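Trainee: 3D, please:
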Amino acid sequence: MSTDAHRDDLLPGESVTSYDVTGRRDTDYYGIFADIPAADRAAWDRARAFVDEVGTRMQHAWDTATYPVDLVRRMGELDLYVDGVEHAALTRISPLGAGLVNMEISRGDGSLGTILAVQGGLSVRTLALYGSPAQQERWLRPLATGEVLGSFALTEPDHGSDSVSLETVARREGDEWVLRGTKKWIGNGASGGIAFVWARVDDEGDELHGAVRCFLVEQDRPGYTGTVITGKASLRGIHQAHIALRDVRLPLDAVLEGTRSFRDASTVLYATRSGVAWSALGHATACYEAALQYAMQRVQFGRPLARSQMVQERLAQMLDELTAMQLYCRRLAELETSGGLRPTQASLAKYHNTRAARRIAQTARDLLGGNGILLENGVMQHMADIEAIHTYEGTESVQALLLGRDITGVGAFT
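Mentor: Numbering: from 1, shown residues only. You can find the predicted model right below:
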């Protein structure tokens, strides 16, 4: 809290010029993260230091809708993109450590959290799981270090929730693949790096005719156009793109040899749904802690807000939901570590945590009153960014349908 009470020229009506509400309070009421192994703690600490280093800059980037690409490389220097992916070329970090990194980065800034998801959770994971040895040798380390920006091009303008129906096609012409179609909402899709483009094989002579496969596309290929999507009210500190693929020609070895069907894309998405649950926890933590600190500093009717029964009840409600989110995430990490995590369990965590994060952000925004809409206090920015993670990697409705099918045995997607 910044006060001007000592000034001789102080005018009536403003004893406090700003509130200090964005500091970290390490909220963990049940001690859920009290026993973190040293390697995971070290990764978490690197993420914390990075957030502290760039916080003010990202606030400005969000305000001006600019993408500080150099910070993508800085995160790579800190080895934050490995996301629990197992590969000889990558530093080993447990699912718990990867989750804590995701949580901390999102607690600092949602655009950074999305950069982490796109570069690590989607791009690095796709290449590590499905790329050929030659593709991995050429691209995996540059992706992990942030030297090369990566994108995961699945969603299309006409196919979001029903992405299994994608229309982008890849046909064979001699010793080349030719890609034609469009993609939308693709993080790093206009970055000049590489894109993992999912397309349907259109070649009746190919045994995988009609199947969905993934292609590694360098974005400087003729026919590839990535246009930055403007006018966003969420995740304004990262550029997402509308991609046009106009007969983009690729060598035959551009296909990721491990991809054979849409199930392969789903495998990547299932893993990143856990990441979204952790990201939601980071956003919610920032909102709760801002509300708590504001309640302690803001004086109304001659006393701090924190002395009001209604405010204490709201803080208790927020802590209740935040603690549940932490429990979901810790259990997710345990299940993934044991190899027992089912896709629908990740769906349930995303479903619960993004919904809970929305409620916490709304309560925090309300508790801060008019000051809640100021970017300097963080809550409004997190509130807007939560709207994006609530949608991507599968909307609330899609998660509910996945869960409904699992618990009833009956699909209701149509």
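Trainee: got phi/psi on Pro68?
Mentor: With angles defined as degrees, to the nearest 10, Pro68 sits at phi -80, psi 80.
Trainee: test my guess that it contacts His60.
Mentor: No. Pro68 is not in contact with His60 according to CB atoms under 8 Å; the separation is 9.0 Å. For the C-beta atoms, the positions are set from N, CA and C on the backbone; glycine is no exception.
Trainee: against Ile386, how distant is Asp366?
Mentor: Distance, Asp366 to Ile386, by CB to CB, to the nearest Å: 15 Å.
Trainee: who has more neighbours, Pro68 and His60?
Mentor: Pro68 (17 against 12; other CB atoms under 10 Å).
Trainee: which residues touch the more buried one?
Mentor: Val54, Arg57, Met58, Ala61, Gly237 (CB atoms under 8 Å, 6 or more residues apart in numbering).
Trainee: try 10 Å
Mentor: Val54, Arg57, Met58, His60, Ala61, Arg74, Ser111, Leu112, Ile115, Gly237, Ile238 (CB atoms under 10 Å, 6 or more residues apart in numbering).
Trainee: ok so the second one is a helix residue?
Mentor: Yes. Residue state for Arg57 (DSSP: H, G, I helix; E, B strand; the rest coil) corresponds to a helix.
Trainee: number of nearby residues for it?
Mentor: Quick note: Arg57 (other CB under 10 Å) scores 14 neighbours.
Trainee: what do you get for the fifth one?
Mentor: As a burial measure, Ala61 scores 20 neighbours (other CB under 10 Å).
Trainee: need the contact list for it.
Mentor: By CB under 10 Å, 6+ apart, the neighbours of Ala61 are Val54, Tyr67, Pro68, Leu71, Asp109, Ser111, Leu112, Arg236, Gly237, Ile238.
Trainee: just the closest of those to Ser338, please.
Mentor: Leu112 (29.6 Å; CB to CB).
Trainee: so which strand or helix has the closest one?
Mentor: helix 110-116 (DSSP states H and E).
Trainee: check the offset of stretch 129-141 from the chain's centre.
Mentor: 23 Å (CA atoms, centre = their mean, to the nearest Å).
Trainee: residues in contact with that stretch?
Mentor: Contacting residues not belonging to stretch 129-141 are listed as 76, 85-90, 123-124, 127-128, 143, 147-148, 150, 193-194, 196, 213-214, 216, 218, 253-260, 264-265, 267-268, 271 [CB under 10 Å, 6+ apart].
Trainee: switch the cut-off to 6 Å
Mentor: Ala89, Leu127, Leu216, Leu256, Glu257, Gly258, Thr259 (CB atoms under 6 Å, 6 or more residues apart in numbering).
Trainee: again with stretch 270-290
Mentor: So stretch 270-290 is contacted by 21, 25, 27, 99, 102-103, 106-107, 113, 117, 121, 318, 322, 325, 329, 332, 343, 346-347, 349-350, 353-354, 357, 360-361, 364, 378-379, 382, 386, 389, 393 (CB under 6 Å, 6+ apart).
Trainee: which one's the longest helix in the chain?
Mentor: helix 262-297 (DSSP state H).
Trainee: who are the packing partners of the helix or strand following it?
Mentor: Per DSSP H and E, helix 262-297 leads on to strand 299-300 as the next helix or strand towards the C-terminus. Using 3 or more CB pairs under 6 Å, 6 or more residues apart in numbering; DSSP states H and E, no helix or strand is in contact with strand 299-300.
Trainee: neighbouring strands of strand 299-300 in the sheet, and parallel or not?
Mentor: strand 303-304 (antiparallel) (DSSP bridges).
Trainee: tell me what angle the next helix or strand after the strand it pairs with forms with helix 262-297.
Mentor: Later in the chain than strand 303-304, the nearest helix or strand by DSSP H and E is helix 309-338. Compare the direction of helix 309-338 with that of helix 262-297 by axes from the mean of the first three to the mean of the last three CA atoms, to 10 degrees and you get 150 degrees.
Trainee: circling back to that earlier point, buried stuff in the longest helix of the chain?
Mentor: By neighbour count on 16 or more other CB atoms under 10 Å, the buried set for helix 262-297 is 262, 264-266, 268-295, 297.
Trainee: so for Asp366 and Ile386, which sits in the more crowded spot?
Mentor: Between Asp366 and Ile386, Ile386 has the larger neighbour count (other CB under 10 Å), namely 28 against 12.
Trainee: who's in contact with that one?
Mentor: Contacts of Ile386 by CB under 6 Å, 6+ apart are His283, Ala357, Arg358, Ala361.
Trainee: what's the most distant pair in those residues?
Mentor: Of all pairs in the contacts of Ile386, the most separated under CB to CB is His283 and Arg358 at 9.3 Å.
Trainee: now stretch 21-31: mean pLDDT?
Mentor: The predicted model gives stretch 21-31 an average pLDDT of 96.
Trainee: show residues contacting that stretch.
Mentor: Glu289, Ala290, Gln293, Tyr294, Thr323, Asn377, Gly378.
Trainee: with stretch 71-82 instead?
Mentor: For stretch 71-82, the external contacting residues (CB under 6 Å, 6+ apart) are 46, 50, 54, 90-91, 93, 101, 115, 119-120, 124, 144-146.
Trainee: that one - what's its average pLDDT?
Mentor: Stretch 71-82 comes out at a mean pLDDT of 96.
Trainee: what about Leu348, neighbour count?
Mentor: For Leu348, using other CB under 10 Å, the count is 21.
Trainee: I'd guess it is in a helix, am I close?
Mentor: Yes. Assignment of Leu348 by three-state DSSP places it within a helix.
Trainee: helix or strand: which one has the closest residue to it other than its chain neighbours?
Mentor: Nearest non-adjacent residue to Leu348, counting by CB to CB, 6 or more residues apart in numbering: Leu403, 5.9 Å away. Using DSSP H and E, Leu403 sits in helix 396-408.
Trainee: what secondary structure does Ala241 sit in?
Mentor: strand.
Trainee: all the helices of this protein, residue numbers only.
Mentor: Under DSSP H, the chain gives helices at 38-64, 69-77, 95-108, 110-116, 125-130, 133-145, 262-297, 309-338, 343-367, 379-391, 396-408.
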